[in-house]
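Participant: need coordinates for the following:
(2 chains)
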Amino acid sequence: MNDEQLRDRLGRVDPAIGDASITPVTSPEARSLLEDIMSTPVIEQTPEHTAPAPGPRRQRRPLLALATAAAVTVGLVAVGITVLGGGDDSPDQVATVLELEAPASDPMAMCMVLEPAILAENPIAFKGTVTSAEGGVVTLTIDEAYRGVDADVATLQAAEGMEALIGGIDWQVGEQYLVSAYEGVVNYCGQTGPATPELQAMYDAAYGA
Amino acid sequence: MGPTSADAQRRQRFEAIAAATFEPLQRFLGRRAGPDDAADALADTLLVVWRRLDDVPDDPLPWAYGVARRCLANQRRGNERGLRLVGKVAAQPAVHAVDPQEHVERQDPELHAALGTLSPAEAEIVRLWAWERLEPREIAAVLELSPNAVSVALSRARRKLARQLEGSEHGRQDRPGAGHLQGAGTTEPEGDGR
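Facilitator: I've put the predicted structure just below:
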């Protein structure tokens, strides 16, 4: 059996054959989804960026509440990071909210061995000191921004029931932590945690500090 | 230029990428997950594209497949379909409402059994080659492996499959599935990852 015969045989069992349920990108449903996505705030490097106001889409889709810090987490194990514009020199500062998910019950499950190359994939990484940790909200002052963060303060929000230990990490006031996030998920698997020398070395290698 | 034109440029780029990937992503996801999970992962994938617009390469589709694959994996880890961050495309009844793996098993039990003997990474490489019709360097972009590692693994996997499928002409060989054929959730690459 040569490669083409094998590919043909595999092709015959392709689940997508004759699948009429593909939604065209030009359809109203697709347009609606794309518009919703384009309305979500994005953390930009420049402090002047203003997050778009939440619009009428929130009435259409009651679950979509990206710009509202409070409504992050119903029914979903989620950690939201709010990055606040820092300082007194940016009058247009607006809290842009990045909602990130934490893995479910066992954050260490299915983890790969941590390497700088894996860490380096994260679009958001910083080192911060916890200033408060209560009521499911951890607030950190950002000591060093490695990537994707241009602010002085970050807050992490946990879902109900997860306040005690957000993402399996014991957040202590006054302690320093290294935090990174990828594709809407705060990566635990050892990638986020207390700023030990070992983890710091990983972050330095990953972000070229 | 002010923020308005930057925003317009951003929208334009996103629209272009969405146009190129929207339907292929649905097929990719529909081959690996049920309709609800696929719809959720589609929305999550496009949200990632929007947030990481600057990282999207000129050929966006393999990169987008990689994101979609990780979204499926995250879904399976999180085991949650309660709150979605973004509204999903209204689900239309899928022709194949059954789990895609059951579809394969029903259509060609010998092939299903042969695929079950591959490692998760090998099985995914074969699917990307056969169903998404990707070249090894594109598969490499999806799975974040080197093109060389993909070529080697693909050849090995194809040989394994061919041997078993030819062998089974002489009588059905019943091999309990040692690998996993459950889609993106369990296909973590073996040690030849970066």
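
Participant: strands along chain B, start to end?
Facilitator: For chain B, strands defined by DSSP state E do not occur.

Participant: the bottom helix or strand of chain A by mean pLDDT?
Facilitator: Using mean pLDDT, DSSP states H and E, helix A:57-60 stands out as the lowest-scoring helix or strand of chain A, at a mean of 29.

Participant: which parts of chain A are helices?
Facilitator: A:3-12, A:28-38, A:57-60, A:116-119, A:197-207 (DSSP state H).

Participant: out of those helices, nearest to chain B?
Facilitator: helix A:3-12 (3.7 Å; Cβ to the nearest Cβ). Bear in mind the C-beta positions are built from the backbone N, C-alpha and C, glycine included.

Participant: distance of the closest residue to A:Trp171 other than its chain neighbours relative to A:Gly174?
Facilitator: Distances taken as Cβ to Cβ, 6 or more residues apart in numbering or on different chains place A:Ala133 nearest to A:Trp171, at 4.2 Å, with adjacent residues excluded. Per Cβ to Cβ, to the nearest Å, A:Ala133 is found 10 Å from A:Gly174.

Participant: can you check B:Ser155 too?
Facilitator: 56 Å.

Participant: so those two - more neighbours on which side?
Facilitator: B:Ser155 (12 against 7; other Cβ atoms under 10 Å in any protein chain shown).

Participant: for the more buried one, what are its contacts?
Facilitator: B:Ser155 makes contact with no residue, according to Cβ atoms under 8 Å, 6 or more residues apart in numbering or on different chains.

Participant: and for B:Gln26?
Facilitator: Taking Cβ under 8 Å, 6+ apart as the test, what B:Gln26 contacts is A:Ser21, A:Ile22, A:Thr23, B:Ala38, B:Leu42.

Participant: name the nearest of these relative to B:Gln9.
Facilitator: Nearest to B:Gln9 among the contacts of B:Gln26: B:Leu42, at 24.1 Å, using Cβ to Cβ.

Participant: pretty sure B:Pro57 contacts B:Ala64?
Facilitator: No. Counting by Cβ atoms under 8 Å, B:Pro57 sits too far from B:Ala64 to count as a contact (9.8 Å).

Participant: what does the pLDDT read for the residue nearest to B:Trp50 when sequence neighbours are not counted?
Facilitator: Computed as Cβ to Cβ, 6+ apart, the closest residue to B:Trp50 that is not its neighbour in sequence is A:Ile37, at 4.9 Å. For A:Ile37, the pLDDT comes out at 92.

Participant: how far away is A:Ile37 from A:Thr23?
Facilitator: Applying Cβ to Cβ to A:Ile37 and A:Thr23 gives a distance of 15 Å.

Participant: more neighbours, those two?
Facilitator: Higher neighbour count among A:Ile37 and A:Thr23: A:Ile37, with 22 against 19, using other Cβ under 10 Å.

Participant: residues touching the closest residue to B:Ser151 other than its chain neighbours, list them.
Facilitator: Nearest residue to B:Ser151 in three dimensions, chain neighbours excluded: B:Pro136, at 4.7 Å (Cβ to Cβ, 6+ apart). Listed by Cβ under 8 Å, 6+ apart, the contact partners of B:Pro136 are B:Trp129, B:Pro147, B:Val150, B:Ser151, B:Leu154.

Participant: TSV for these, including distance to B:Gln101, pLDDT and neighbour count?
Facilitator: Shown next, in TSV, are the contacts of B:Pro136 (distance: Cβ to Cβ, whole Å; pLDDT from 0 to 100; neighbours: other Cβ atoms under 10 Å in any protein chain shown):
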residue	distance to B:Gln101	pLDDT	neighbour count
B:Trp129	18	98	22
B:Pro147	28	93	14
B:Val150	23	94	26
B:Ser151	26	95	17
B:Leu154	21	96	18
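
Participant: of all the contacts of B:Gln26, which comes closest to A:Tyr207?
Facilitator: Using Cβ to Cβ, the contacts of B:Gln26 come closest to A:Tyr207 at B:Leu42, 31.0 Å.

Participant: burial of the closest one, as a residue count?
Facilitator: With other Cβ under 10 Å as criterion, B:Leu42 counts 26.

Participant: need the pLDDT of it.
Facilitator: 95.

Participant: test my guess that it contacts B:Leu29.
Facilitator: Yes. With contacts counted by Cβ under 8 Å, B:Leu42 reaches B:Leu29, the gap being 5.9 Å.

Participant: quick check: neighbours shared by the two?
Facilitator: B:Ala68.

Participant: I'd like to know how far the nearest residue to A:Met38 once chain neighbours are set aside sits from A:Pro24.
Facilitator: Setting aside the residues directly before and after it, A:Met38 is nearest to B:Arg11 in space (Cβ to Cβ, 6+ apart), at 5.5 Å. In this view, B:Arg11 and A:Pro24 are 19 Å apart by Cβ to Cβ.

Participant: what residue ranges in chain A score low on pLDDT?
Facilitator: Where chain A drops to pLDDT under 70, the residues are A:43-114, A:136, A:157-168, A:182-190, A:209.

Participant: now with 50, please.
Facilitator: For chain A, residues meeting the criterion pLDDT under 50 lie at A:45-110, A:160-161, A:163-164, A:184.

Participant: for burial, what's the neighbour tally of the nearest residue to B:Ala64 once chain neighbours are set aside?
Facilitator: The spatial neighbour of B:Ala64 that comes closest, neighbours along the chain excluded (Cβ to Cβ, 6+ apart), is B:Thr21 at 4.6 Å. The local packing of B:Thr21 (other Cβ under 10 Å) involves 24 other residues.

Participant: now do the one 4 residues further on
Facilitator: B:Leu25 has 24 neighbouring residues, counting by other Cβ under 10 Å.

Participant: same check on the one 10 residues further on?
Facilitator: Taking other Cβ under 10 Å as the criterion, the count of residues near B:Pro35 is 17.

Participant: repeat for B:Phe14
Facilitator: Neighbours around B:Phe14, by other Cβ under 10 Å: 18.

Participant: on that earlier part again, what sits against the residue nearest to B:Trp50?
Facilitator: B:Phe14, B:Ala43, B:Leu46, B:Leu47, B:Trp50, B:Val86.

Participant: next one: B:Ala140 from B:Ala149, what distance?
Facilitator: 7 Å.

Participant: re the thing from before, so B:Pro57 and B:Ala64 - more neighbours on which side?
Facilitator: More neighbours surround B:Ala64 than the other of B:Pro57 and B:Ala64, with 26 against 10 (other Cβ under 10 Å).
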